[in-house]
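Peer 1: A predicted structure for the sequence below; I have some questions about it.
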Amino acid sequence: MSRSLIIALGLALPVLSAQGVAAGEPLPPASQWIPQDAILAIEVSRPKALLDVALDPKTIEAVTALPAYQTLAAQPGFKQFSGVVKYLETMVGSDWSTGLRKLVGGGVTFAAAPQGTVWLIVETDDPKMLEQLHEIFLNFARDEATKQGQPGRVVSTPYRGVTGWTFGGDEAHAVVGNRLVLSNKPEGLKAALDLRADAGGESLASLPAYRAAKQSAGSDACATAFVNVQVLKQHPPIQQALTQNTNPLAALLFTGVTESLQKSTWLALGLKVEGKTLALQAAVDGKAGDPSGPAAFALPTQPEKGVLPNLSVPRGIAGLSFYRDLHKFYAAKDELFPERTSGLIFFENMMGIFFGGMDLTEEVLGQTEPEVRFVVAEQAYDRAIGTPQLRLPAFAAIFRLRDPQKFGEVAEEAWQKAIGLVNFTRGQQAQPGLIIDRPSYGDTKLTVAYFRAPTEGDRQQIEPRFNFRPTLARVGNSLILSSTDGLAKDLVDAVKKEIADAVKPLAAAHSLVEVNAVQLASVLDANRENMVRQNMLEKGSTKEQAEAQMDLIVTIVKHLGRARLDVAARDGQPQAILQLKLNLP
C-alpha cells in the first residue's frame, strides 16, 4: 500500500489512543480548547442531520449513477481505496456509512488562526471503534515507515497527561476521552492541550464576539460558523475590498452590505436542515447603515417598505428583486465615487443622448420608485422563425414609475433612440438591422424590435441574433424592458396579476434572489453540443471527456433544485438567509 494512501487515510480518520484519560470523562465544549486568536471556527454540532441528507440512499444512487463517478470508480487507486474500506468494515464489524455516523456523531469542530495554524476536533459516539481504528492505522503507519527506512517517523510524546502522536511531518494529534484533537503544527496541539489543562484560559469560548455570534446563529442550527471580522479586516485585500467602491454596479448591489461589514467585529452563520431543504442564515453585529449616509439608497425608508416579491413567469430561471432608490444612489455619486470611472462617464453621456439632455439625477432617475426587479427565463422559440444554434435565456428589467403618464412616453422615446443607435452601428458593419413594430397584447401596447426572419437554411441552426426581440411595455405604473416580446408578454400577465392580488412588499428586505436550477439545467442541456465543442477547442479535451464533463455539470445543477436568498435590515441589524431546496430523487 502506498505511503500517500496511508497518510490520506490516517488524516481522514485518525483515531489515536491516549494515556491517563478515561473514555467516559465529560468534556467541555470544543471551543474551550481553541485559542482565542482563531479567525474562523466551524462547528457541526449535529452531524447526523447533514449525514442523513448526504448518505440518503437516493442521494448515493444519484451520485453513483454519474458518468464521472463511474469513471473514477474504474481507476486503480479508487479500487484500492475501496478495498481498504471493506477491510476496515470487516475489522470493526460495521458498514462504512454506519461507522462514519458513529465516528463523528458527537460533533466536528474546525478552526484556523491567522498564522496558518488549524485545528480539527472530532467527537465520537463509539470509543471502542476509536480504539480499533487506532490500532489499525497505527500499524499501517509503522509498517509503511519501516518499509521506507524511517521507523522513527511514527512517534508518541506525553504532554500534560495526554499522549500526542504524529505520522510524520508537522501534523500532531491526540485522543482525549472520546475526542480526537488534530493540528497541522505541534504548537497547535500543545495550545489546545494547554487550554484543556488550564481551565479559564483565553479560549475562543471566552471571547465575547464569539459568544454573541453563536447566539445570533441560533441554538437550533445543526452547524455554525464564526468569523472574526475585526481581525480579517486587517488583511490588505479584504480591507481594500471593503473600503474602495470603484465599481458603480458593485456599489449599487452591495454598498449596504459592505458598510455593515466595515462596522462589524464578527460574522455568524447558522445552518439548519429540514428534510431536503438547507437554510443558511448570516448575521453581523455592524448596524445596517446611516439613513442619511451615502448608502441610504439601499435602505427601506419605512418599516413596512421593502422589496416586492419576484414575478412568476413560465420557464423562469431566476428572479432578482431589489430595493434601491436610484435617485438617491446617483445623487450620492460624488461621495460613493470621488473619482468617477470612464464607464460611469460613458453611461452619463449615453443617457444624455437617449433622454434629450434631461437631468439624469432629477428628471430621469427621480421618476423611478425604489423597487427594481429582474427576470431571466428560458425561451420558447417561434417555429416560423426558427431556433438559434446558441440558445440564450431571455431577460428583462421591471421598473416602477412615480408618474407613468408623464414619464412613460419619455422612456418610449429613449428606447426607440437606443434601437436606432443599434441599427446605425450594425449598418456601419453591413449587418441586418432591427425593425420596430407596435403590436397589441390584450389592452397593452408593445414596442417590439425584431430581425427579419431567415428565408433559407436550417431553421434549427439560425444565427444567435434571433435570440433577441427587444421589447418595451407599460402596465399600470410598471415599465418593462425585455430582451424578447415573449418574456414581455409573460411579464405583462404577471404584473396584472400582481395588481389584482394587491401584492405587498417584503417588509425591511432590500434584496431577494431566487434561482430555479432545474430550469437552468434545461438551458445548459439545450446548448450541450455547443458547450462540448467549446470545451474541446479551449481545453483540448476529447469528445468523450467533454461530454462527460458537460453531463456532470448538468446533473449537479439539476439536483441543486431551487435557491432563495433574502437580505434584510431588521431593527438596524443586517441579516441574510439562503435556502436551498435540493432536487433529489
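Peer 2: Arrived safely.
Peer 1: where does this structure dip in pLDDT?
Peer 2: 1-25, 244-246, 289-292, 294, 340-341 (pLDDT under 70).
Peer 1: Give the residue farthest from the middle of it.
Peer 2: For the chain, the largest distance from the centre (Cα atoms, centre = their mean) belongs to Gly149, which lies 47.1 Å off.
Peer 1: Need the nearest residue in space to Val532, chain neighbours excluded.
Peer 2: Leaving aside its sequence neighbours, Val532 sits nearest to Ala546 (Cβ to Cβ, 6 or more residues apart in numbering; 4.4 Å). The way it works is simple: take the backbone N, C-alpha and C, and place the C-beta from them, glycine included.
Peer 1: That neighbour belongs to a helix, doesn't it?
Peer 2: Yes. Applying DSSP: H, G, I helix; E, B strand; the rest coil, one finds Ala546 inside a helix.
Peer 1: isn't it right next to Leu537, touching?
Peer 2: No. Applying Cβ atoms under 8 Å as the test, Ala546 and Leu537 come out as separate, 9.4 Å apart.
Peer 1: more crowded one of these two?
Peer 2: Ala546 (21 against 10; other Cβ atoms under 10 Å).
Peer 1: before we move on, the earlier item: contacting residues around the residue nearest to Val532?
Peer 2: Met531, Val532, Arg533, Asn535, Met536, Lys539 (Cβ atoms under 8 Å, 6 or more residues apart in numbering).
Peer 1: Number of residues surrounding the third one?
Peer 2: Spelled out, that is Arg533. 12.
Peer 1: swap in the first one?
Peer 2: Close neighbours of Met531, defined as other Cβ under 10 Å, add up to 19.
Peer 1: Over to the fifth one?
Peer 2: Around Met536 sit 15 other residues, with neighbours defined as other Cβ under 10 Å.
Peer 1: can you map out the strands along the stretch 101-250 of the chain?
Peer 2: 107-112, 118-123, 155-159, 162-166, 172-176, 179-183, 223-228 (DSSP state E, counting those that start in this stretch).
Peer 1: Could you give the number of residues near the closest residue to Arg438 other than its chain neighbours?
Peer 2: The shortest distance from Arg438 to any non-neighbouring residue, by Cβ to Cβ, 6+ apart, is to Thr447 (5.6 Å). Applying other Cβ under 10 Å, we find 20 residues neighbouring Thr447.
Peer 1: Which residues are in contact with Thr447?
Peer 2: Thr447 neighbours (Cβ under 8 Å, 6+ apart): Glu412, Trp415, Gln416, Ile436, Asp437, Arg438, Thr471, Leu472, Ala473.
Peer 1: Of those residues, grab the buried ones for PyMOL.
Peer 2: Only the buried entries of those go into this PyMOL selection, using 16 or more other Cβ atoms under 10 Å:
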select buried, resi 412+415+471+472+473
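Peer 1: Next, format the contacts of Thr447 as TSV and append secondary structure.
Peer 2: Formatted as TSV, those follow (three-state DSSP):
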residue	secondary structure
Glu412	helix
Trp415	helix
Gln416	helix
Ile436	strand
Asp437	strand
Arg438	coil
Thr471	strand
Leu472	strand
Ala473	strand
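Peer 1: Of the contacts of Thr447, which is the nearest to Trp96?
Peer 2: Lowest distance from Trp96 to the contacts of Thr447 (Cβ to Cβ) belongs to Thr471, with 56.1 Å.
Peer 1: Look at the closest residue to Gln262 other than its chain neighbours and say how many residues are nearby.
Peer 2: Excluding its sequence neighbours, the residue lying closest to Gln262 (Cβ to Cβ, 6+ apart) is Leu242, at 5.2 Å. Per other Cβ under 10 Å, the neighbour tally for Leu242 reads 17.
Peer 1: if I look at Leu242, how far off is Glu339?
Peer 2: 18 Å (Cβ to Cβ, to the nearest Å).
Peer 1: Surely Phe78 touches Leu72?
Peer 2: Yes. Between Phe78 and Leu72 there is a contact under Cβ under 8 Å: 5.5 Å.
Peer 1: List the contacts of the closest residue to Leu487 other than its chain neighbours.
Peer 2: Among residues not flanking Leu487 along the chain, Ala394 sits closest, at 4.0 Å (Cβ to Cβ, 6+ apart). Shown in contact with Ala394 (Cβ under 8 Å, 6+ apart): Val376, Ala377, Glu378, Gln379, Asn467, Ser482, Ser483, Thr484, Gly486, Leu487.
Peer 1: Need the max-distance pair from those.
Peer 2: Glu378 and Ser482 (14.0 Å).
Peer 1: so where do the helices sit in the stretch 251-400 of the chain?
Peer 2: Remark: helices assigned in the stretch 251-400 of the chain by DSSP state H, counting those that start in this stretch are 326-331, 333-336, 342-354.
Peer 1: what does the domain assignment say about the chain?
Peer 2: The chain breaks down into these domains under automatic domain parsing: 3-204, 309-504.
Peer 1: among those, which is nearest Ala251?
Peer 2: Short answer: domain 309-504, nearest of the domains of the chain by Cβ to Cβ, at 5.4 Å.
Peer 1: Ends of the closest one, what's the gap?
Peer 2: 8 Å (Cα to Cα, to the nearest Å).
Peer 1: likewise stretch 101-114?
Peer 2: End-to-end distance (Cα to Cα), stretch 101-114: 31 Å.
Peer 1: what distance separates that stretch from the centre of its chain?
Peer 2: 23 Å (Cα atoms, centre = their mean, to the nearest Å).
Peer 1: Now do the buried residues in that stretch.
Peer 2: 101-113.
Peer 1: And stretch 237-256, by the same measure?
Peer 2: Buried residues in stretch 237-256 (16+ other Cβ under 10 Å): Leu242, Asn245, Pro248, Ala251, Leu252, Leu253, Phe254, Thr255, Gly256.
Peer 1: export those to CSV and tack on distance to Val273?
Peer 2: What follows is these, written out as CSV (distance: Cβ to Cβ, whole Å):
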residue, distance to Val273
Leu242, 31
Asn245, 36
Pro248, 39
Ala251, 35
Leu252, 34
Leu253, 29
Phe254, 28
Thr255, 33
Gly256, 29
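Peer 1: for those, which one is nearest Gly319?
Peer 2: Nearest to Gly319 among the buried residues of stretch 237-256: Leu253, at 15.2 Å, using Cβ to Cβ.
Peer 1: mind saving the C-alpha coords of the helix or strand where Leu487 lies as PDB?
Peer 2: Take DSSP states H and E as the rule and Leu487 turns out to sit in helix 485-501. The C-alpha trace of helix 485-501 is given here as PDB (Å, rounded to 0.1, in the frame of the first residue of the first chain):
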ATOM      1  CA  ASP A 485     -41.500  40.000 -26.700                       C
ATOM      2  CA  GLY A 486     -42.400  36.500 -25.400                       C
ATOM      3  CA  LEU A 487     -41.000  37.300 -22.000                       C
ATOM      4  CA  ALA A 488     -42.500  40.800 -22.100                       C
ATOM      5  CA  LYS A 489     -46.000  39.300 -22.700                       C
ATOM      6  CA  ASP A 490     -45.500  36.900 -19.800                       C
ATOM      7  CA  LEU A 491     -44.500  39.800 -17.600                       C
ATOM      8  CA  VAL A 492     -47.500  41.800 -18.600                       C
ATOM      9  CA  ASP A 493     -49.700  39.000 -17.400                       C
ATOM     10  CA  ALA A 494     -47.600  38.700 -14.200                       C
ATOM     11  CA  VAL A 495     -47.800  42.400 -13.400                       C
ATOM     12  CA  LYS A 496     -51.600  42.500 -14.000                       C
ATOM     13  CA  LYS A 497     -52.000  39.500 -11.600                       C
ATOM     14  CA  GLU A 498     -49.800  41.300  -9.000                       C
ATOM     15  CA  ILE A 499     -52.000  44.400  -9.300                       C
ATOM     16  CA  ALA A 500     -55.200  42.400  -8.900                       C
ATOM     17  CA  ASP A 501     -53.800  40.500  -5.900                       C
END
